[in-house]
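Participant: here is a sequence together with a model predicted from it:
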Amino acid sequence: MTDLESFVRKDGRAELVREVRSRIKDLGITYLYYQFVSVTGRIMGKGIPADHWESVAERGFQLVYGSTANLFVDRSKNYIGYGPEAWELVGIPEPETFCQLHWDKRVARVYCTLFRGREEPENPGGYLGSDFRGNLRRVQEQFMRDHDGLHLRHGCEPEMMWLKLDEKGGPAGGYSKPFCYHINQFESLRPIFLRVIEYSRQMGLDMIQGDHEDAPGQLELNFMFDEALRTADRLTTYRQICAAVGREFNVLPCFMCKPFMGVSANGCHHNISVWRGGEEELNELGNASLPGLKQAFSYRKGGKNLFMPEDNDPRVPPEAVVDQLLSHIDGVDPRCTLSEQAVGESPRRRADVQRGFPLAGKPEIFQRSLELDAAAGHEGTRGGRESDRLVFPDLRAALGDDGAAEQDAPGEDQPLGLRTRFRQPPGDHRGVQAAARNLFRGGIRQSFRAWTGCR
């Protein structure tokens, strides 16, 4: 049986397909977006009348492989990733992600998992490697199976700008002044952000806080953290909502990292933590009748956070085992801080991600951190004071670490840093660390692409 066949016949999926048909009828849905996320974060897919839901749920739809790379060409006019001779992928919808679009209630969306073509000579119907969203889901599920329910939870803080348009439809500067946290500037965008929040609550995003940031028209509207895949899906949904609101108000929602010189860029903090246990809780978000399946409105709550320092001091950085896992994530500077967020049960590791550069578009801070590395006499790794070196006993135990890691003694002239050097602890744990590293990388990359890919 192929991966595609196993996916379609997964236990409980047939009931979910029938439930979607019931919601289509109740909500008056006539059209569905079958969507996936490209390697650069753009939302791709097909639109199909709702009459064909059951057949598409069974057989899927087909698109060229190059759609996972936006079907764009390089500077030599060659298709990126796949040539014109490549086969077609098969997209199979995930019924649990079904949700109505609040700005046009005749339309709903559903996320899809991508597979190789059924007629492929090699691995027909296999999972498609360029399906980054599908890769994250599979890595996450495998990690939970291998480590007794251990899983990544992830929250993000997306910054973006609302730009005015000129008479030709091009960007004409920010909608407000670059005054950080000023309520008057926030108020100038009130009709826009209230519409964003309205649509978000209709699509499963539990909006928790917001503010005006320090660039023209720059807002940060945050939503509740959850397990990694759902957070990434909600960030993608947030971008779609902003695009719809922009069309309504004739403004441009800009997720470009640096549209203006001389002011702060669009950054996106990622707050990550490792948990075991917890329960799925439905959050109806004030909806009398859910405009989607309950899974899109559910959050994992409770359980035990294994990402805590042993003395529960959120101001003190993690121990080296956690640093090693995070140091392999593209675009993340492990010399960041634990943050006590107002949004959740506990502190999480906080990382600034900005198109491969740390610290959210502040290159002068990044440059200073490199200078400190050079002063410490080693590249990419810094020593730290003894007070920095705390152990996360719960996480170490969960990852199979017996706690016998040794660290180099810090020098008096070494600058304070969050990463520490250490020798590999004994025991057969490298495979476990590799699996955890893949999970961390997948969660950050997927939401990173979701954040930066909107146009």
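Facilitator: Perfect, I can see it now. Numbering: from 1, shown residues only.
Participant: which residue is the nearest non-sequential neighbour of Gly217?
Facilitator: Spatial nearest neighbour of Gly217, excluding adjacent residues (C-beta to C-beta, 6 or more residues apart in numbering): Gly174 at 3.2 Å. For every residue, glycine as well, the C-beta is placed using N, CA and C.
Participant: residue contacts, the one you found?
Facilitator: With contact taken as C-beta atoms under 8 Å, 6 or more residues apart in numbering, Gly174 is in contact with Met161, Trp162, Leu163, Lys164, Ala215, Pro216, Gly217, Gln218, Phe260.
Participant: which strand or helix spans the third one?
Facilitator: In other words, Leu163. Assigning secondary structure by DSSP states H and E places Leu163 in strand 151-165.
Participant: in that strand, what's buried?
Facilitator: 151-164 (16 or more other C-beta atoms under 10 Å).
Participant: could you do stretch 282-293 as well?
Facilitator: Of the residues in stretch 282-293, those buried (16+ other C-beta under 10 Å) are Asn283, Leu290, Pro291, Gly292, Leu293.
Participant: if we can go back for a sec, output the contacting helices and strands for the strand holding Leu163.
Facilitator: Contacts defined by 3 or more C-beta pairs under 8 Å, 6 or more residues apart in numbering; DSSP states H and E place strand 151-165 against helix 132-146, strand 171-174, strand 218-223, strand 226-227, helix 228-249, strand 252-254, strand 268-276, helix 430-452.
Participant: that older thread, looking at the residue nearest to Gly217 now. What's its pLDDT?
Facilitator: In this model, Gly174 is scored at 91, pLDDT.
Participant: and Gln324, by the same measure?
Facilitator: pLDDT, Gln324: 40.
Participant: and Asp148, by the same measure?
Facilitator: Looking at Asp148, its pLDDT is 88.
Participant: helix or strand: which one has it?
Facilitator: Of the helices and strands defined by DSSP H and E, none includes Asp148.
Participant: correct me if wrong: it contacts Gly277.
Facilitator: No: counting by C-beta atoms under 8 Å, Asp148 does not reach Gly277; the two are 9.7 Å apart.
Participant: out of the two, name the residue with the larger neighbour count.
Facilitator: With neighbours defined as other C-beta atoms under 10 Å, Asp148 and Gly277 compare such that Gly277 has more, 14 against 9.
Participant: gap between the closest residue in space to the more buried one that isn't next to it in sequence and Gln218?
Facilitator: Distances taken as C-beta to C-beta, 6+ apart put Gly303 closest to Gly277, at 3.4 Å, once the chain neighbours are dropped. Distance of Gly303 to Gln218, computed by C-beta to C-beta, to the nearest Å: 34 Å.
Participant: same check on Leu165?
Facilitator: 17 Å.
Participant: circling back to that earlier point, any idea of the mean pLDDT for the strand holding Leu163?
Facilitator: According to the model, strand 151-165 has a mean pLDDT of 93.
Participant: pull up the pairing partners for that strand, direction included.
Facilitator: Here strand 151-165 is paired, per DSSP bridges, with strand 171-174 (antiparallel), strand 218-223 (antiparallel), strand 226-227 (antiparallel), strand 252-254 (antiparallel), strand 268-276 (antiparallel).
Participant: so can I have CSV of those showing distance to Val56?
Facilitator: Below are the strands paired with strand 151-165 laid out as CSV (distance: least, C-beta to C-beta, whole Å):
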stretch, distance to Val56
strand 171-174, 37
strand 218-223, 29
strand 226-227, 26
strand 252-254, 30
strand 268-276, 33
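Participant: among those, which comes closest to Tyr299?
Facilitator: Tyr299 sits nearest to strand 226-227 of all those, at 4.9 Å, using C-beta to C-beta.
Participant: so what touches the closest one?
Facilitator: Contacts for strand 226-227 (C-beta under 8 Å, 6+ apart): Gln140, His151, Leu152, Arg153, His154, Gly155, Arg234, Tyr299, Arg300.
Participant: who's in contact with the last one?
Facilitator: The contact partners of Arg300, by C-beta under 8 Å, 6+ apart, come to His151, Arg153, Asp226, Glu227, Trp275, Gly278, Glu279, Glu280, Glu281.
Participant: please list only the buried members of the residues you listed.
Facilitator: His151, Arg153, Asp226, Glu227, Trp275, Gly278.
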